[in-house]
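my questions are about this predicted structure, shown below with the sequence.
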Amino acid sequence: MDPRKVDISRLESLPQDLLGIIVSKVAAASNDDYINYILSCKELGASADDERVLQKLNLAPLVKKPLLSIQYLPLMKKTLAENNPDAHYIKDIIRYFLLTDSVTGLHHLDVSANAGKLEAIYLYAIILLS
């Protein structure tokens, strides 16, 4: 056996662009699966910063408890930069209700609602009606 020959898996041989698509679909579906997925292989872990992944990343646990997002500021900055609807919704909750910055809060809520986030649409309607 040639010592210079390197065995690579079929997964490792896929183009990074295709891996980004695969990881983004997993990230949109389940947080647990996403974490297990990117930890299972170096190539998949490299896709964690892919713009498609950050845009579709499911931030449901942080949507339920927005104050926890303070512990994940680098992730929040990246997902906001890619217009992740969950990230904008979380940012709205913190800005509008906690920091009483209604202008910035409503901007983030508008972005999230326009992306189709149901919670944002509902909250936006309630705020506009009040």
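Perfect, I can see it now. Numbering: from 1, shown residues only.

C-alpha from now on. contacts and neighbour counts both.
Fine.

now this structure, which segments are flagged as low pLDDT?
Residue ranges of the chain with pLDDT under 70: 1-8.

which residue lies nearest the spatial centre of it?
For the chain, the residue lying nearest the average C-alpha position, counting by C-alpha atoms, centre = their mean, turns out to be Leu57 (2.9 Å).

and it, backbone torsions?
For Leu57, the backbone dihedrals are phi -50, psi 130 (criterion: degrees, to the nearest 10).

and it, how far from Leu99?
Plainly put, Leu57 is 25 Å away from Leu99 if you go by C-alpha to C-alpha, to the nearest Å.

wait, isn't the residue nearest to the centre of the chain in contact with Ala28?
Yes: contact criterion C-alpha atoms under 8 Å: Leu57 and Ala28 qualify, at 5.0 Å.

overlap in contacts of these two?
Contact criterion C-alpha atoms under 8 Å, 6 or more residues apart in numbering; residues shared by Leu57 and Ala28: none found.

mind listing what's buried in stretch 43-54?
When burial is assessed from 16 or more other C-alpha atoms under 10 Å, stretch 43-54 yields the following buried residues: Glu43, Leu44, Gly45, Ser47, Ala48, Asp50, Glu51, Arg52, Val53, Leu54.

surely the last one and Glu82 touch.
Spelled out, it's Leu54. Yes: A contact is recorded between Leu54 and Glu82 when judged using C-alpha under 8 Å, the distance being 6.2 Å.

now the helices for the chain?
For the chain, applying DSSP state H gives helices covering 10-13, 16-29, 31-40, 42-46, 51-56, 60-64, 73-81, 85-92, 102-114, 118-129.
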